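Trainee: coordinates only, sequence not included:
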């Protein structure tokens with residue numbers, strides 16, 4: 001017997017896919033790999049999704065949490081070159097949940113995306129991409145979310161572009177600024193990891209070439225905001241040359257496609 005599993009990340013694409021597939025695959029299992037380092041808005045969004053689906057989303061937890069693996073990896077904060085967080089806290093719990101069963105795993109990559117990601121390569125797990133197969137793009141995903149009443153993830157209201165851990169290293173610097181403003185307690189928790197690792201004396205930082213202590217200085221935060229506003233203005237100018245299809249949803253200038261699929265879709 002083949003199991004049908006859809007992994008939710010707390011992001012818009014996987015949420016839209018769950019809505020899209022609900023009546024197409026009634027036996028679908030919905031899972032969320034919980035690192036226990038998620039934004040409170042992510043948990044709120046999962047509750048919205050559960051209400052719409054009318055079923056429970058299984059929370060998968062690693063047997064050993066982030067702090068354990070942080071020590072195992074020598075105080076080395078994860079990065080795009082060392083994504084141990086995805087491997088140990090997202091992928092491993094999912095593969096343990098699946099076991100050796102034959103599984104079709106539904107992934108929310110859209111038809112207007114061209115990227116790969118961090119997904120399982122176990123031979124008993126087959127990934128399928130319904131949005132790509134059916135030609136659904138960003139505008140379609142937004143329509144699915146809005147017409148269902150589930151809406152966009154609540155963290156987008158304060159300018160965050162991604163789901164995943166609140167200290168995700170893929171965050172833009174403006175998102176770190178917004179995290180400090182919206183969730184100063186979580187910013188402080190993230191900052192606490194930027195400390196010398198006692199056995200080696202090495203200090204790693206979340207944001208490239210800049211510690212959070214440096215980033216949170218008022219003058220630096222103001223500079224980051226100004227730089228972001230300039231980038232947004234330049235993108236707005238470029239949009240004058242886009243086609244109508246692009247202007248009305250096929251491309252989103254605020255969207256950031258970098259990251260791990262299992263975390264960010």
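Mentor: Perfect, I can see it now. Just so you know, these numbers come straight off a predicted model, no measurement behind them. Numbers count the residues shown, from 1 in each chain.

Trainee: lowest confidence element among the helices and strands of this protein?
Mentor: Least confident helix or strand of the chain, by mean pLDDT, DSSP states H and E, is helix 244-245 with a mean of 54.

Trainee: give me the element residue 33 is part of.
Mentor: If you go by DSSP states H and E, residue 33 is part of strand 29-34.

Trainee: distance from the next helix or strand after that strand to the middle of the chain?
Mentor: The helix or strand immediately downstream of strand 29-34 is helix 40-53, counting by DSSP H and E. Distance, stretch centre to chain centre, for helix 40-53: 15 Å (C-alpha atoms, centre = their mean, to the nearest Å).

Trainee: quick check: buried residues in the very next helix or strand once past helix 40-53?
Mentor: Remark: after helix 40-53, the chain's next helix or strand is strand 58-61, criterion DSSP H and E. Buried residues in strand 58-61, counting neighbours by 16 or more other C-beta atoms under 10 Å, are found at residue 60. Just so you know, the C-beta spots here come from the backbone N, C-alpha and C atoms, and that holds for glycine as well.

Trainee: touching strand 58-61 from outside, list them.
Mentor: Strand 58-61 is contacted from outside by 29-34, 36, 93-94, 96-97, using C-beta atoms under 8 Å, 6 or more residues apart in numbering.

Trainee: for stretch 182-191, list every residue counted as buried.
Mentor: Across stretch 182-191, burial judged by 16+ other C-beta under 10 Å covers 182-183, 186-187, 190-191.

Trainee: where does the stretch 1-150 of the chain dip in pLDDT?
Mentor: 116-118 (pLDDT under 70).

Trainee: tell me where it has helices.
Mentor: 12-21, 40-53, 66-72, 84-85, 92-98, 130-134, 138-148 (DSSP state H, counting those that start in this stretch).

Trainee: tell me which of those sits nearest to residue 222.
Mentor: helix 40-53 (25.2 Å; C-beta to C-beta).

Trainee: what angle separates the closest one from helix 12-21?
Mentor: Angle between the axes of helix 40-53 and helix 12-21 is 10 degrees (criterion: axes from the mean of the first three to the mean of the last three C-alpha atoms, to 10 degrees).

Trainee: contacts only, for residue 167.
Mentor: Shown in contact with residue 167 (C-beta under 8 Å, 6+ apart): 37, 186, 189-190, 193, 206.

Trainee: closest one of the residues you listed to residue 71?
Mentor: Set against residue 71, the nearest of the contacts of residue 167 by C-beta to C-beta is residue 193 (11.0 Å).

Trainee: run a quick neighbour tally on the closest one.
Mentor: Using other C-beta atoms under 10 Å, the number of residues around residue 193 comes to 18.

Trainee: rewinding a little: winner for burial among the helices of the stretch 1-150 of the chain?
Mentor: Most buried of these, by mean neighbour count (mean count of other C-beta atoms under 10 Å): helix 12-21, with a mean of 24.

Trainee: can you pull the phi/psi pair for residue 206?
Mentor: phi -70, psi -50 (degrees, to the nearest 10).

Trainee: so what secondary structure elements neighbour the single longest helix found in the chain?
Mentor: When the chain is parsed with DSSP state H, its longest helix is helix 218-238. Where contact means 3 or more C-beta pairs under 8 Å, 6 or more residues apart in numbering; DSSP states H and E, helix 218-238 is packed against helix 173-182, helix 212-215.
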